[in-house]
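K.L.:
Got a predicted structure plus its sequence, pasted below:
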Amino acid sequence: MGWFKKTKEIAANRKVNIPEGLWIKCDSCKEIIYKKEIQRNLQVCPKCNYHFRISSLERINLITDEGTFIEIDSDLTTTNPLNFSDTISYKDRLEINKKKTSLKEAAIYGDATINGRAVSLAVLEFSFMGGSMGAVVGEKIARATERALDKGIPLITISSSGGARMQEGMFSLMQMAKVSAAIARLKETDTLYVSILADPTFGGVTASFAMLGDVIIAEPKSLIGFAGPRVIERTIKQQLPKDFQRAEFLLEHGMIDLIVGRKELKNTIHRLIELFMPYKQEEGSFP
Amino acid sequence: MSHYLEFERPLEDLENRIEALRRLSTNEMESDIEPDEVNRLEKKAKELRSEIFSGLTRWQKTLMARHPERPYTLDYINMIVKDFVELHGDRRFGDDPAIVGGIGRISGISMFIIGHQKGRSMKERIFRNFGQSNPEGYRKALRLMKLAERFKKPVVTFIDTSGAFPGIGAEERGQAEAIATNLMEISRLKIPIIAIVIGEGGSGGALALSVGDRLYMLEHSIYSVISPEGCAAILWKKGGEPVTDNFSRAADALKLTANDLKAFKIIDGIISEPPGGAHRDPKAMAKRIADYITKALDVLQETDPVKLIEERYRRLRKIGSLTQTGPQ
């Protein structure tokens, strides 16, 4: 494998000279890969199958039929009830994140179809304040859930979040109860809820809607848990087991149903929707 | 001997003097103590108490909420619940001593009482895992609440935890799932549920016992999405200021007191504490709590279960503080 090491070194040495954005280093296997190759591969490392973090819009494109997604309530904003301020004010922090992501909040929801099937879809955006759930995110998840219930269409959520949003204090924490209560009403019907967990999903998001799916799917190798690994390490003063809180670890411990790669995600969701259809809506006759 | 917090020090002096005078006047037949001296000092202590405790900062309230002598769930159960039978286990994995629960009578009404439990001695604190529950605790709580629903018994919860336990086993056994399931299922139970924060309301671990028809807080209790220490560690890592200053700053930023949350309409009411805090007169505190429970139940017991659940959903659903600007 001499040549292998050599190219790696050369790539590393030449790093400064590489035209901006042409090459990318895999977070998992550290391999330098041509960016276009990753893009063609749905942002999945062709060497190690690591699923790069992608934006909420990319996730929407990944699982919905082209051009079918219609965003709802994009104009929801927080009133900043705590008037929170740390090194900068919460208001300014929100503005910075809006500029950075070209989104208005850490969640986006709306209607779409998946291989022709209508769904209510809500997706978290990790690059907007760590995908944290404040009042707006909570409200959007609750409304997406109520919409699924009203229209009798499946609810699909894709999570990627550090948890509750500290800057909204108890208003954030109570969103966990709010969205869970909305899902409780959905669960009294035969409306399907598929929850998809992406890297990373933690805290108040896992401890509410993300872990309440009728079917829970995780992306390969994604980190999922309640408490963050560093908090746990500090508390118990022990080293954590290898692959602790990885999707594979959760599958092994019975916490999720499936690990599905990006390439198969859309078809997997579609198949589940078809299979869970109530008899009267199922197309064709019984076998 | 009482435990005094830093800001109670002026009171400590005075109260020690009063106690010394009292001892003298009962021990010695003839005493040269002015008869009015004890009364005078007591009056002064009373004034000082009301001065100190009406003006507590949010960080001081946090310390009060964690006061080592503050009554815990089982203390209140012993004081106000008759014929209490503690029930154990989640029927899945184990019995979590950090959450206790059972059935008993308050003011003659049989009901389920469930709460976080901290320990007082070091041995007991370790046994109770410092009031930090594992998934089994939440699952036990839900099992008991479902039992309550089947037998149409109301539920009272006492909230007092710094948070759910962050451990390997807790993650392996689904800490997040256990909390989420509680939030979801409790929202639909067809029985009245009254939640009372008696000390620390620490994040998701506290929330898992908070869903219900009434949410009250004791005057010097706190409820927060993150501890002031945790918040300060995230925000002001490189700050050169003294550490407690940052805790104080974080507590102020988080707005975690009963007064704050009443103003935000997140809680329904504040149960006032005896002068100097619940631990200065636990019996009086317990009686006030029992009064709140029976008063709330008078209304809730008369409410149709379907309406009760609808109202519970509506209460949660409106928590937000949002604006919608309209299409742009």
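P.N.:
Happy to help now that I have it. Numbering: from 1, shown residues only, chains lettered A, B, ... in the order given.
K.L.:
How about the residues of the stretch 201-328 of chain B by chain A?
P.N.:
Contact residues (C-beta under 8 Å from any C-beta of the partner chain) of the stretch 201-328 of chain B with chain A: B:203-204, B:207, B:210-211, B:223-226, B:231, B:234-236, B:253-256, B:261, B:264, B:266, B:312-313, B:316-317, B:319-328. Just so you know, the C-beta spots here come from the backbone N, C-alpha and C atoms, and that holds for glycine as well.
K.L.:
residues near residue 151, how many?
P.N.:
With no chain named, the answer covers chain A. 13 (other C-beta atoms under 10 Å in any protein chain shown).
K.L.:
To clarify, I was referring to chain B.
P.N.:
Counted with other C-beta under 10 Å, the neighbours of residue B:151 add up to 10.
K.L.:
So it versus residue B:88, what's the distance?
P.N.:
18 Å (C-beta to C-beta, to the nearest Å).
K.L.:
any idea which element the residue nearest to residue B:225 when sequence neighbours are not counted lies in?
P.N.:
Closest residue to residue B:225 apart from its sequence neighbours, by C-beta to C-beta, 6 or more residues apart in numbering or on different chains: residue A:173 at 4.2 Å. Using DSSP states H and E, residue A:173 falls within helix A:169-186.
K.L.:
List the buried residues for that helix?
P.N.:
Within helix A:169-186, the residues that qualify as buried are A:169-186, counting by 16 or more other C-beta atoms under 10 Å in any protein chain shown.
K.L.:
centre of the chain versus it, how much separation?
P.N.:
18 Å (C-alpha atoms, centre = their mean, to the nearest Å).
K.L.:
Do any residues in whatever helix or strand comes next after that helix lie close to chain B?
P.N.:
Next helix or strand after helix A:169-186 toward the C-terminus (DSSP H and E): strand A:193-201. No. Using C-beta under 8 Å from any C-beta, strand A:193-201 never reaches chain B; the gap is at least 8.9 Å.
K.L.:
List every C-alpha atom in strand A:193-201, with coordinates, as CSV.
P.N.:
Presented in CSV, the C-alpha positions along strand A:193-201 are these (Å, rounded to 0.1, in the frame of the first residue of the first chain):
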residue,chain,number,x,y,z
TYR,A,193,-45.3,8.4,11.5
VAL,A,194,-41.9,7.6,10.1
SER,A,195,-39.0,9.3,12.1
ILE,A,196,-35.6,9.6,10.4
LEU,A,197,-32.6,10.3,12.5
ALA,A,198,-29.5,11.9,11.0
ASP,A,199,-26.1,12.7,12.5
PRO,A,200,-26.4,14.1,15.2
THR,A,201,-29.7,13.8,17.1
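K.L.:
other SSEs contacting it?
P.N.:
Other elements packing on strand A:193-201 under the criterion 3 or more C-beta pairs under 8 Å, 6 or more residues apart in numbering or on different chains; DSSP states H and E are strand A:155-161, strand A:215-218, helix A:262-276.
K.L.:
Name the surrounding residues that touch the helix or strand encompassing residue B:259.
P.N.:
Here residue B:259 sits within helix B:258-263, counting by DSSP H and E. With contacts defined as C-beta atoms under 8 Å, 6 or more residues apart in numbering or on different chains, helix B:258-263 is touched by A:170, B:58, B:197, B:217-223, B:255, B:267, B:269-270.
K.L.:
Mind doing that once more with 10 Å?
P.N.:
Contacts to helix B:258-263, defined as C-beta atoms under 10 Å, 6 or more residues apart in numbering or on different chains, come from residues A:81-82, A:169-171, A:174, B:58, B:61, B:65, B:197, B:201, B:215-224, B:252, B:254-255, B:257, B:266-273.
K.L.:
Go through it and flag the buried ones.
P.N.:
Here helix B:258-263 shows B:258, B:260, B:261 as buried, counting by 16+ other C-beta under 10 Å.
K.L.:
Also stretch A:242-261?
P.N.:
Buried residues in stretch A:242-261, counted by 16+ other C-beta under 10 Å: A:244, A:245, A:246, A:247, A:249, A:250, A:255, A:256, A:257, A:258, A:259, A:260.
K.L.:
of those residues, list those near chain B.
P.N.:
With C-beta under 10 Å from any C-beta of the partner chain as the criterion, the buried residues of stretch A:242-261 include A:244, A:245, A:249, A:250, A:255, A:256 near chain B.
K.L.:
re earlier: narrow the contacts of helix B:258-263 to those in strands?
P.N.:
B:197, B:201, B:215, B:216, B:217, B:218, B:222, B:223, B:224, B:269, B:270, B:271 (DSSP state E).
K.L.:
Report the buried members of these.
P.N.:
The buried subset of these (16+ other C-beta under 10 Å) comprises B:197, B:201, B:215, B:216, B:217, B:218, B:222, B:223, B:224, B:270, B:271.
K.L.:
Near chain A, which residues of the stretch 1-150 of chain B are found?
P.N.:
B:132, B:135, B:138.
K.L.:
Closest one to residue A:25 out of the residues you listed, please.
P.N.:
Residue A:25 has its nearest neighbour among those in residue B:135, at 37.7 Å by C-beta to C-beta.
K.L.:
wait, the closest one sits on residue A:211?
P.N.:
No. Between residue B:135 and residue A:211 there is no contact, the gap being 11.4 Å when judged by C-beta atoms under 10 Å.
K.L.:
who touches both of these two?
P.N.:
Common neighbours of residue B:135 and residue A:211 (C-beta under 10 Å, 6+ apart) are A:226, B:174, B:175, B:176, B:177, B:178, B:179, B:181.
K.L.:
Which stretches in the chain count as strands?
P.N.:
Since you didn't name a chain, this refers to chain A. Going by DSSP E, chain A shows strands at A:23-25, A:32-34, A:70-72, A:76-78, A:107-114, A:117-124, A:155-161, A:193-201, A:215-218, A:258-259.
K.L.:
not what I meant, chain B
P.N.:
Assigned by DSSP E, chain B shows strands spanning B:82-86, B:99-106, B:109-116, B:155-161, B:193-202, B:214-218, B:222-224, B:269-271, B:322-324.
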